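**Q** The following comprises the amino acid sequence and a computationally predicted model.
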Amino acid sequence: MRRLTLVPLALRTVGLGAVLVLLINPSRSRPVAGGTPPLVLLDASLSMAGTNGPWATALDSARRLGAGGSIWRFGSDVDAFDSTPPHDGRSLLAPALAAAAARGGPVIVISDGAIADSADLPPDLRRRPRVVVLPRAPFFDAFVASVDGPRRVAVGDTVHLRVAYGVAGPRPPGAARRATIVVSAGGRRLTSRAVTLPDSGSLATEVVIAPSLLVTGFQALDVRLEGTGDVEPRDDARLLVLEVSAQPAAVVLAAPPDWESRFFAKTLAEVSRVPVKLLVQTEPAKWRDGTTLAPLGADAATRAISGARLVALVGDPARLAPYRRRGGTVLWPFTTARAGDWYLDPPPSSPLAAAFAGVDWDSLPPAQGLAELPADSTAIVVLTARLGRRGVSRPVVVVRDSAGMRSATVGGTGLWRWGFRGGAPAEAYRSLVAAIADWLLSDAAAGKERFGPVSEVVPQGMPLVWRWRGGGAPSATAITLDAPAGAQTATLRFDAQGEATLHLAPGVYRWRAGDQGTERGLVAVEQYSDEWRPARAVLAPQPGEAGDVRRDVGARDLWWLYALAIAAFAAEWAWRRRQGLP
């Protein structure tokens, strides 16, 4: 009897076990029989179509090796395949390999080997693909690497440009050793300077543009290297967009000058996007240009502040008293400060508090001194500090708004050390200066800008990045772009970080938002690209790994589990019927 009852129990256990496995549905990854056709990643950066570029050969190889499979283009982004000439200003392989790894199957990379992110490739992604390298043949090239200079100046300012230039590749016999850097604007030659080309690498020199050569408004300076005799002309020039205003929008008067005024003026020019003029009083009643230290007339400060929207008086209040005015003024009386280590507190509620979001106040160096700010019922405290982190908090920055006339007073000294240290303290210093500038310029046209370009000039193949600066959530905005070839419209669609990108062909564009909008300016896309220059192949050929395609197989995908459950229950029923059991 025991033998007869154990058999149906075992059959029922097998059937219920199979049903339980089907309900849980565990799965595991298995290779797909037969594999899949390869995926070809084709380098579509500008270097592939530059001098001695292998684009035609690479295109034929991609079609042959990718027959029956897929072809993707990679450069700045990963795109679907087409045979149009390369247009990406960078060659980034990591995003393409990561996407290919998610797809599975064998991967083939075709490139000239000049990959920008080679050092960042994870080892597993680097080992997997088969790599076909079609290197560019060496050639001699002279180039302008960069141009640095002010973006905004006032009429009468001397412009100093720092130009980096160099050569690469084998120098042919009889190649010129001397060349000329020529600066022009709108087809008008402004100045030039003879330079000596290095044997290899790059050098830097300074080019000065006299004030009389500049006209008011926006203009694109073309800085070009001539007389080199190289075979790649597209990297021989760089552009710099310059705004020349009739009067400086902001003036900083420092008496006496020190690091506080120097860092404030520099940061104010960077964050306010308006021309800034720094005047220093090295001795009583004698003003000098803060950049060149050239002596100025006795009435230079009075004339400078007459048309300025923002005036900062940094230093001795007694010496700067004749230049005080009601609105648009920053007072920074550091000569009356009480010395000590004044540590700043988290900011109280104020109209400027939002500008300090994310600042780690405990990581900032203390102020070296704190001036006693006069009590005023109209003053709004923006920042406070305590001596040695103890005692009563005292105001460091206050702002006032009386009948629409706005002003700010800064009592802390040594805040320039925030900007000097870099990192988080430098960002906190920029936030402070930007908040004060926005507060004082809020009624001016520049302060009402909702958005603007992050950089006015980008190399070919790179997008122009625009950032939302207005209050509220970013919104899609249409702009008009005027170029010699004609006008065009574009729509800027800002993401959650308040940034939008726009891809344009090389050229200089005057842009505006609407017919009456306050947002307007000049942007440029250069013919230049780092991709035009000779570069060493950092990607080596390799056979790659097999790269089998795998997929997840669950228990419910196995037919025999269903058959096992049915067979076990049927066998149990038949056994019971045969034995006469219920």
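**A** Here it is on my side, so go on.
**Q** Number of residues surrounding the nearest residue to Ala571 once chain neighbours are set aside?
**A** Among residues not flanking Ala571 along the chain, Leu11 sits closest, at 5.1 Å (CB to CB, 6 or more residues apart in numbering). For the C-beta atoms, the positions are set from N, CA and C on the backbone; glycine is no exception. By the measure other CB atoms under 10 Å, the count of residues near Leu11 is 20.
**Q** separation between Gln497 and Pro474?
**A** 9 Å (CB to CB, to the nearest Å).
**Q** The residue nearest to Ala571: what's it in contact with?
**A** Contacts were defined as CB atoms under 8 Å, 6 or more residues apart in numbering; by that measure Leu11 touches 568-569, 571-572, 575.
**Q** Taking the residues you listed, please make a PyMOL selection of just the buried ones.
**A** If you want just the buried ones from these in PyMOL, going by 16 or more other CB atoms under 10 Å, the selection is:
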select buried, resi 568+569+571+572
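**Q** In helices, which of the contacts of Leu11 appear?
**A** The helices in this structure, assigned by DSSP state H, contain 568-569, 571-572, 575 from the contacts of Leu11.
**Q** neighbour count winner among Gln497 and Pro474?
**A** When Gln497 and Pro474 are compared on other CB under 10 Å, the one with more neighbours turns out to be Pro474, at 21 against 9.
**Q** What's opposite the nearest residue to Pro275 once chain neighbours are set aside in the beta bridge?
**A** Closest residue in space to Pro275, ignoring its immediate chain neighbours: Arg152 at 4.1 Å, by CB to CB, 6+ apart. With DSSP bridges as the criterion, the beta-bridge partners of Arg152 are Glu243.
**Q** how near is Arg152 to Val223?
**A** Going from Arg152 to Val223 by CB to CB gives 18 Å.
**Q** For the helix or strand that contains the residue nearest to Ala571, buried residues please.
**A** Element membership of Leu11, judged by DSSP states H and E, is helix 2-24. Of the residues in helix 2-24, those buried by neighbour count under the rule 16+ other CB under 10 Å are 8, 11, 14-15, 18, 21-22.
**Q** Tabulate those residues (CSV), appending pLDDT and distance to Asp552.
**A** Conversion of those to CSV gives the following (pLDDT from 0 to 100; distance: CB to CB, whole Å):
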residue, pLDDT, distance to Asp552
Pro8, 80, 36
Leu11, 81, 31
Val14, 85, 26
Gly15, 83, 26
Ala18, 82, 20
Val21, 84, 16
Leu22, 83, 16
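**Q** List the contacts of Pro395.
**A** Under the contact definition (CB under 8 Å, 6+ apart), the residues listed for Pro395 are 373, 379, 381-384, 411.
**Q** try 6 Å
**A** For Pro395, the contacting residues are 373, 381, 384, by CB atoms under 6 Å, 6 or more residues apart in numbering.
**Q** The last one: neighbouring residues, count only.
**A** As a burial measure, the neighbour count of Thr384 was computed by other CB under 10 Å and equals 19.
**Q** For the one helix or strand it maps to, name the packing helices and strands.
**A** For Thr384, the element it lies in under DSSP H and E is strand 379-387. If contacts are counted by 3 or more CB pairs under 6 Å, 6 or more residues apart in numbering; DSSP states H and E, strand 379-387 sits against strand 338-344, strand 394-402.
**Q** Pairing partners for the next helix-or-strand element following the first one, with directions?
**A** Helices and strands here follow DSSP H and E; after strand 338-344, the next one along the chain is strand 367-370. Strand pairing for strand 367-370, determined by DSSP bridges: strand 338-344 (antiparallel), strand 412-413 (antiparallel).
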